[in-house]
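S.K.: model this:
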Amino acid sequence: MGRRLLFVPLPFQGHINPMFHLASLLHSRGFAITIFHTHFNSPDPDNYPKSYRFIPVPDNLSDTVRSTKDGVAHIHALNKSCQASFRDILGELLSSEEESVACVIFDAHWYALQAVAKKLGVATMVLRTGNATSFNLFMAFPLLLEKGYLPIQESQLDAFVSELPPLRVKDLPRLMITTSLESYAELLARGVEQVRTSSGLILNTFDSIESSELDQIKRDLSIPIYPIGPLHKLSTQAQTQSSLLAPDQSCMAWLDSQAPKSVIYVSFGSLAFMDPNELVEIAWGLANSGLPFLWVVRPNLVHGSDRIELPKWFEEETHGRGRVVPWAPQPEVLSHPAVGGFWTHCGWNSTLEAICEGVPMLCRPFFGDQTGNARYVSHVWKVGIVLEGKVERGRIERAIKTLIVEREGDEMRERMADLKAKAAQCIMAGGSSYLAVDNLADSILALQT
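M.R.: Residues are numbered from 1 along each chain as shown. Coordinates of the predicted model:
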């Protein structure tokens with residue numbers, strides 16, 4: 001009976017981390033691991049167990065596509081350019097493999113490659129790196145278009161989406177300025193179809209925070225569902241191993257010198273970008289708050305710029321109480337006792353990491369499912385504040401102070417402590433995610449019988 005699994009991560013940071021955590025988790029259950037990867041954002045094999053096999057799949061992407069800010073167009077291009085290479089490489093591997101392959105596990109956005117695997121007779125499962133809420137939204141996307149919720153109209157922003165409570169129109173996916181609604185709808189439709197025809201859907205979430213949303217997926221799909229999050233807590237792999245940017249570890253020593261729960265940690269993930277004016281308003285807001293901060297300013301954070309220069313006055317205004325780094329070891333930062341709040345784009349990985357460490361959030365969503373995640377943070381779990389509309393220094397200052405030093409922030413921390421306990425409980429022996437991993441491993445082996 002084959003115990004080799006083939007993993008195909010999408011080559012973006014927020015998708016790479018969960019896939020490698022899943023590989024690590026199943027490797028610890030006795031499965032052999034092979035990673036198919038593109039040349040674009042390729043992983044470093046030296047960061048992983050020597051037993052892992054890494055097989056490059058030529059992506060043949062132009063420099064224009066590689067540098068595009070349109071993530072949806074990039075994903076479509078990857079599917080088109082990698083399909084033939086993947087078919088040839090997978091076919092050769094299957095014909096020569098001494099050990100049979102149990103399953104190929106794809107990121108949900110690899111819709112073209114999943115079709116190839118099925119034609120070659122290999123069982124497939126799909127990892128959705130987002131939460132259950134976002135997948136329900138993706139399944140409902142044609143209905144949202146039909147009923148006129150999309151494209152979003154300014155006059156309807158505060159209207160509730162009755163089919164997807166508690167979301168409002170403004171919480172539906174926000175597109176990058178370069179992305180067309182038609183292109184996005186096609187990506188979601190093809191991704192959902194690949195999930196429906198796979199042997200199972202793996203979700204990086206856990207039952208006690210999304211039980212009703214998971215129940216809805218189970219009603220809408222006829223395949224098994226495996227909610228096995230938070231993956232980064234179940235995995236034996238350190239998060240920094242799969243980081244595309246080298247984290248600045250020196251910020252940890254700086255945090256050691258700060259008072260408990262005093263620091264606002266600011267990071268907007270690996271893909272979000274803003275205009276220069278927004279960067280300046282953030283700088284002023286942090287300076288005027290008078291509170292210590294750790295701010296991740298990665299090289300391409302500002303649209304159209306590969307090199308970020310903060311205002312000259314910023315260092316003088318914040319000297320001695322702030323730290324700016326190009327990238328940070330986020331799970332370690334969030335677990336540090338000095339961190340009292342997290343200003344985040346509300347990507348699902350970051351949201352989960354904050355929940356697992358009990359850190360309340362200041363949310364500034366940019367695109368995709370981030371708006372929906374922010375809605376849950378602020379109005380369902382009530383563990384954060386959302387900055388809506390134009391970012392302005394006065395609003396930033398007030399929000400930071402609310403989160404770090406006011407009673408409202410303390411109450412959010414108390415509710416966060418409850419979510420943290422639930423996250424810890426689900427991965428313990430007998431917990432919902434622990435049992436789901438057992439079910440997943442058994443189901444993979446049963447695919448061959």
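
S.K.: Could you use CA atoms for every contact and neighbour count after this?
M.R.: Fine.

S.K.: For the nearest residue to Arg4 once chain neighbours are set aside, give its distance to Thr38.
M.R.: Among residues not flanking Arg4 along the chain, Ala32 sits closest, at 4.4 Å (C-alpha to C-alpha, 6 or more residues apart in numbering). Separation of Ala32 from Thr38 (C-alpha to C-alpha, to the nearest Å): 20 Å.

S.K.: Give me the neighbour count for Gly30.
M.R.: 11 (other C-alpha atoms under 10 Å).

S.K.: tell me the secondary structure for it?
M.R.: Gly30 falls in the coil class when you classify it by DSSP: H, G, I helix; E, B strand; the rest coil.

S.K.: Ramachandran coordinates for it?
M.R.: Dihedral angles of Gly30 (phi, psi; degrees, to the nearest 10) stand at phi 100, psi 0.

S.K.: cool, and Val8?
M.R.: phi -130, psi 90.

S.K.: ditto for Val333
M.R.: phi -60, psi -50.

S.K.: same check, this time on Arg128
M.R.: Backbone phi and psi, for Arg128 under degrees, to the nearest 10, turn out to be phi -100, psi 120.

S.K.: Could you name the helices and strands sitting against the longest helix along the chain?
M.R.: In the chain, with assignment by DSSP state H, the single longest helix is helix 71-96. With contacts defined as 3 or more C-alpha pairs under 8 Å, 6 or more residues apart in numbering; DSSP states H and E, the packing partners of helix 71-96 are strand 53-57, helix 63-66, helix 111-119, helix 181-196.

S.K.: The chain: strands as residue ranges?
M.R.: 4-8, 32-38, 53-57, 101-107, 124-128, 201-203, 225-227, 263-267, 293-296, 322-325, 339-344, 361-363, 384-386 (DSSP state E).

S.K.: show me the contacts for the spatially closest residue to Ile223 that is not a sequence neighbour.
M.R.: Spatially, and ignoring its direct neighbours in sequence, Ile223 is nearest to Gly200 (5.4 Å; C-alpha to C-alpha, 6+ apart). Going by C-alpha atoms under 8 Å, 6 or more residues apart in numbering, Gly200 touches 124-126, 223-226.

S.K.: Could you do Pro247 as well?
M.R.: By C-alpha under 8 Å, 6+ apart, the neighbours of Pro247 are 240, 326-329.

S.K.: And stretch 303-321, what's buried?
M.R.: For stretch 303-321, the neighbour count (16 or more other C-alpha atoms under 10 Å) marks 315, 317-318, 321 as buried.

S.K.: And Thr344, how far from Phe86?
M.R.: From Thr344 to Phe86 the distance is 35 Å (C-alpha to C-alpha).

S.K.: Any stretches of this protein with poor pLDDT?
M.R.: Low-confidence segments of the chain (pLDDT under 70): 1-2, 97-98, 177, 238-240, 449.

S.K.: if we can go back for a sec, just name the most buried of the strands of the chain.
M.R.: Ranked by mean neighbour count, the strands of the chain are led by strand 361-363 with a mean of 30 (mean count of other C-alpha atoms under 10 Å).

S.K.: ok, and what's touching it?
M.R.: Residues contacting strand 361-363 (C-alpha under 8 Å, 6+ apart): 341-346, 354, 374, 377, 383-387, 399-400, 403.

S.K.: now the helices for the stretch 201-350 of the chain?
M.R.: 207-220, 231-234, 250-256, 276-289, 312-318, 330-334, 348-357 (DSSP state H, counting those that start in this stretch).

S.K.: Now do the contacts for Asn439.
M.R.: Going by C-alpha under 8 Å, 6+ apart, Asn439 touches Tyr226.

S.K.: err, Ile225, not the other one
M.R.: 200-203, 218.

S.K.: re earlier: what about the residue nearest to Ile223, distance to Ile264?
M.R.: 39 Å.

S.K.: So what does Phe40 look like in phi/psi?
M.R.: Dihedral angles for Phe40 - degrees, to the nearest 10 - are phi -70, psi 120.

S.K.: was I right about it contacting Phe12?
M.R.: No: the criterion here is C-alpha atoms under 8 Å, and Phe40 misses it with Phe12 at 9.0 Å.

S.K.: how does this structure divide into domains?
M.R.: 4-229+429-446, 245-424 (automatic domain parsing).

S.K.: quick one: which of the ones you listed is nearest Ser235?
M.R.: The closest of these to Ser235 is domain 4-229+429-446. By C-alpha to C-alpha, the value is 4.9 Å.

S.K.: what comes up buried for the longest helix of the chain?
M.R.: Buried, per 16+ other C-alpha under 10 Å, within helix 71-96: 71-87, 90-91.

S.K.: any chance of the strands of the chain in TSV, plus distance to Ala429?
M.R.: As requested, the strands of the chain are exported to TSV (distance: least, C-alpha to C-alpha, whole Å):
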stretch	distance to Ala429
strand 4-8	24
strand 32-38	23
strand 53-57	30
strand 101-107	25
strand 124-128	23
strand 201-203	19
strand 225-227	15
strand 263-267	32
strand 293-296	36
strand 322-325	38
strand 339-344	29
strand 361-363	29
strand 384-386	30
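
S.K.: Identify the bridge partners of the nearest residue to Pro227 once chain neighbours are set aside.
M.R.: Ranked by C-alpha to C-alpha, 6+ apart and with sequence neighbours excluded, the top spatial neighbour of Pro227 is Leu203, at 4.7 Å. Beta-bridge partners for Leu203, by DSSP bridges, are Arg128, Pro227.
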